[in-house]
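Engineer: okay, predicted coordinates and the sequence, questions at the end:
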2 protein chains.
Amino acid sequence: MPDAAPLLTDLAYGPHARHRLDVYAPPGAHGAPVLVFFHGGGFIRGDKAMRANVGVWGAAQGFVTVLANYRLAPECRWPSGPEDVVAVWQTVRAQVCDWGGDPDRIVLVGESAGAAHVAAATLMTRFQPPGWHTAGAALLSGPYNAGLEALAPVALVIEQPDVRNTAYFGDDPGLWHQASIVDQVDAAPFPLLIAAAERDLRQMQVQAGELFARLVTRHGFAPELHWWAGHDHFTPGASLGSDDPTVGEPLAAFVRRAAGA
Amino acid sequence: MPDAAPLLTDLAYGPHARHRLDVYAPPGAHGAPVLVFFHGGGFIRGDKAMRANVGVWGAAQGFVTVLANYRLAPECRWPSGPEDVVAVWQTVRAQVCDWGGDPDRIVLVGESAGAAHVAAATLMTRFQPPGWHTAGAALLSGPYNAGLEALAPVALVIEQPDVRNTAYFGDDPGLWHQASIVDQVDAAPFPLLIAAAERDLRQMQVQAGELFARLVTRHGFAPELHWWAGHDHFTPGASLGSDDPTVGEPLAAFVRRAAGA
């Protein structure tokens, strides 16, 4: 695949070793929509390299596509995730013209823990710097209610001991509610896609439903809601660029619509 | 199946032709747990006869099992459902000793629209008469947020025109939020099971998740949460008494636990 080569690799967007991003661009792109993707990994692992397929796929769709790493727990805790999403956005916003993208048409996409980070950055204005603007966001199979996970780990089938949440939200589950994104939404509505998979982890299905319901009934959002048929927690991102159009077609259509493309 | 015959059929619990219930009892029952089941049908149809299997199954599990009809829309609108659940409960409470059941161990179970009716009756104290007491409730694939359904019918894949909700909640979707159970919970916590199916209708998955999250984080409940593998919206109730233990085993275990049996 000749188009698979990234335009840039490991561009630094901050001082930490995890502050690195890769850029994939359609040949001859100019003013293209921009898709910025944040991988999953339960707050404690994961790497943009495991989703290189998303870069190749996004560029083939006509999007300047950025894959970003972010700091991981336990070294870095909440709210390092949304802080890094915002730092990525600032770098992309400043430089994406040079890569063939339109800085006013940036769509943020996150998967699992990456979806939680994108949700916090886009829905909670306290993380947003002056001039913050995104054309839209897509949240794939993320957790958005840390307080709920603290109160109902058994019902939600969360592995015990809960190494992921403890690493990122800290040792006292009684304080995790302070990081519950769903309770701290204060952003004005923007184009949003919320998804879970038909065979996803139960905690992700519950929190996708809760976030969707909350945004619609309390905050005036009109999100797209997708429940990917035949997929589990780990397959949606991996399917991008494959023969399976279940995730890729609606996600690309959403990015185009959100970007006004 | 000699045990399949009901002890009583079409016992009247109110003045309407739909105020009828059937009773199935284990042979020689005395002080048995009591399971009261409300069928589905989108507020506008359905009959206890279509879930006779639940009566046979429940009696075989050792439960005095009551199958109740309730008034239907558009003839009867919200809150006729919870009113009828309460009326059934009053009749069962008064007479179940004679059928071999313990009036202090009544568990209410509803499926789809029946789950909405059971949820309203058990979670909203305004419907509850003096002396109200249930040992527990199980909510299978129900809708609990009419206001959300009014605001997001497309995202929730609700058939248009929305004949079920319009028939039951009225012609003005702008008023349906007044019937949103999830926003009007004021009951003290009790044993509760909330379930949706892996291939359920999307609106039911979303609302199961939202109700679960709300009850846990705001009202001190600790519900069981089940997501029936391999099932769709219509199969869980039908599977009771079949060779498929997916729904029956955990549901029977819940009823026993809630009833202290």
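Structural biologist: Here it is on my side, so go on.
Engineer: beta partners for the closest residue in space to A:Phe254 that isn't next to it in sequence?
Structural biologist: Nearest residue to A:Phe254, sequence neighbours excluded (C-beta to C-beta, 6 or more residues apart in numbering or on different chains): A:Leu193, at 4.7 Å. Yep, even glycine has a C-beta here, placed from its N, CA and C like the rest. With DSSP bridges as the criterion, A:Leu193 is bridged to A:Ala138, A:Glu224.
Engineer: and the gap between A:Leu193 and A:Ala253?
Structural biologist: Counting by C-beta to C-beta, to the nearest Å, the gap from A:Leu193 to A:Ala253 is 10 Å.
Engineer: quick one: residues contacting the closest residue to chain B within chain A.
Structural biologist: The shortest separation between chain A and chain B is 3.0 Å, found at A:Gly209 (distances taken as C-beta to the nearest C-beta). If you count contacts by C-beta atoms under 8 Å, 6 or more residues apart in numbering or on different chains, A:Gly209 has them with A:Ala196, B:Gln205, B:Val206, B:Gln207, B:Ala208, B:Gly209, B:Glu210, B:Ala213.
Engineer: got the phi and psi for the spatially closest residue to A:Gly40 that is not a sequence neighbour?
Structural biologist: Nearest non-adjacent residue to A:Gly40, counting by C-beta to C-beta, 6+ apart: A:Ser112, 2.9 Å away. For A:Ser112, the backbone dihedrals are phi 60, psi -120 (criterion: degrees, to the nearest 10).
Engineer: how many other residues sit next to A:Ser112?
Structural biologist: For A:Ser112, the neighbour count with other C-beta atoms under 10 Å in any protein chain shown is 27.
Engineer: the residue nearest to A:Phe254 touches A:Gly136, doesn't it?
Structural biologist: Yes. Under the criterion of C-beta atoms under 8 Å, A:Leu193 is in contact with A:Gly136, at a separation of 7.4 Å.
Engineer: common neighbours of those two, please.
Structural biologist: By the contact definition C-beta under 8 Å, 6+ apart, A:Leu193 and A:Gly136 are jointly contacted by A:Phe254.
Engineer: which secondary structure element contains the residue of chain A closest to chain B?
Structural biologist: A:Gly209 belongs to helix A:202-219 when elements are defined using DSSP states H and E.
Engineer: could you dump that helix to CSV, C-alpha only?
Structural biologist: These are the backbone C-alpha positions of helix A:202-219, laid out as CSV (Å, rounded to 0.1, in the frame of the first residue of the first chain):
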residue,chain,number,x,y,z
ARG,A,202,-21.4,-3.9,29.5
GLN,A,203,-20.0,-0.9,31.2
MET,A,204,-19.5,0.8,27.8
GLN,A,205,-23.0,0.1,26.7
VAL,A,206,-24.5,1.4,29.9
GLN,A,207,-22.4,4.6,29.8
ALA,A,208,-23.0,5.2,26.1
GLY,A,209,-26.7,5.0,26.8
GLU,A,210,-26.5,7.2,29.9
LEU,A,211,-24.3,9.9,28.1
PHE,A,212,-26.6,9.9,25.1
ALA,A,213,-29.7,10.3,27.3
ARG,A,214,-28.2,13.0,29.4
LEU,A,215,-26.9,15.1,26.5
VAL,A,216,-30.3,14.9,24.7
THR,A,217,-32.5,15.6,27.6
ARG,A,218,-30.4,18.0,29.6
HIS,A,219,-28.0,19.7,27.2
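Engineer: dump the residue contacts of A:Gly241.
Structural biologist: Residues counted as contacts of A:Gly241 (C-beta under 8 Å, 6+ apart) are A:Asn53, A:Val54, A:Val56, A:Trp57, A:Ala60, A:Gly248.
Engineer: apply 10 Å and report the result again.
Structural biologist: When the contact criterion is C-beta atoms under 10 Å, 6 or more residues apart in numbering or on different chains, the partners of A:Gly241 are A:1, A:4, A:51-61, A:248.
Engineer: if we can go back for a sec, got any residues that touch both of A:Leu193 and A:Ala253?
Structural biologist: Between them, A:Leu193 and A:Ala253 share these contacting residues under C-beta under 10 Å, 6+ apart: A:Glu224.
Engineer: what about those two, which has more around it?
Structural biologist: Neighbours of A:Leu193 and A:Ala253, each counted by other C-beta under 10 Å, are more numerous for A:Leu193; the result is 23 against 13.
Engineer: interface residues of the stretch 51-200 of chain A facing chain B?
Structural biologist: With C-beta under 10 Å from any C-beta of the partner chain as the criterion, the stretch 51-200 of chain A meets chain B at residues A:144-145, A:147-152, A:154-157, A:177, A:180, A:182-183, A:193-194, A:196, A:198-200.
Engineer: per-residue confidence at the residue nearest to the residue of chain A closest to chain B when sequence neighbours are not counted?
Structural biologist: In space, A:Gly209 comes closest to B:Gly209 once its chain neighbours are excluded; the distance is 3.0 Å by C-beta to C-beta, 6+ apart. The predicted structure scores B:Gly209 at 98 on the pLDDT scale.
Engineer: which stretch of helix or strand covers A:Ala252?
Structural biologist: When secondary structure is defined by DSSP H and E, A:Ala252 falls within helix A:245-258.
Engineer: got it, and A:Val92?
Structural biologist: In this structure, A:Val92 is located in helix A:80-99 according to DSSP H and E.
Engineer: now that helix: buried residues?
Structural biologist: Neighbour counts over helix A:80-99 (16 or more other C-beta atoms under 10 Å in any protein chain shown) mark A:80-89, A:91-93, A:95-96, A:99 as buried.
Engineer: now the helices for the stretch 1-150 of chain A?
Structural biologist: Counting by DSSP state H, counting those that start in this stretch, the stretch 1-150 of chain A forms helices over residues A:52-60, A:80-99, A:113-123, A:146-151, given from the N-terminal end onward.
Engineer: mind checking the longest strand of chain A?
Structural biologist: When chain A is scanned for its longest strand (criterion: DSSP state E), the result is strand A:101-111.
Engineer: list the buried residues in that strand.
Structural biologist: Within strand A:101-111, the residues that qualify as buried are A:Gly101, A:Asp102, A:Pro103, A:Arg105, A:Ile106, A:Val107, A:Leu108, A:Val109, A:Gly110, A:Glu111, counting by 16+ other C-beta under 10 Å.
Engineer: grab the nearest non-local neighbour of the third one.
Structural biologist: Put plainly, it is A:Pro103. In this structure, A:Pro103 finds its nearest non-sequential neighbour in A:Arg93, 4.8 Å apart by C-beta to C-beta, 6+ apart.
Engineer: does that neighbour touch A:Leu108 like I think?
Structural biologist: No. Distance between A:Arg93 and A:Leu108: 11.4 Å, which falls outside the contact criterion (C-beta atoms under 10 Å).
Engineer: quick check: neighbours shared by those two?
Structural biologist: When contacts are counted by C-beta under 10 Å, 6+ apart, A:Arg93 and A:Leu108 have A:Val34, A:Val36, A:Thr134 as shared neighbours.
Engineer: with adjacent residues omitted, what lies nearest to the first one?
Structural biologist: Of all residues beyond its chain neighbours, the one nearest A:Val34 is A:Gly101 (4.0 Å), with distances taken as C-beta to C-beta, 6+ apart.
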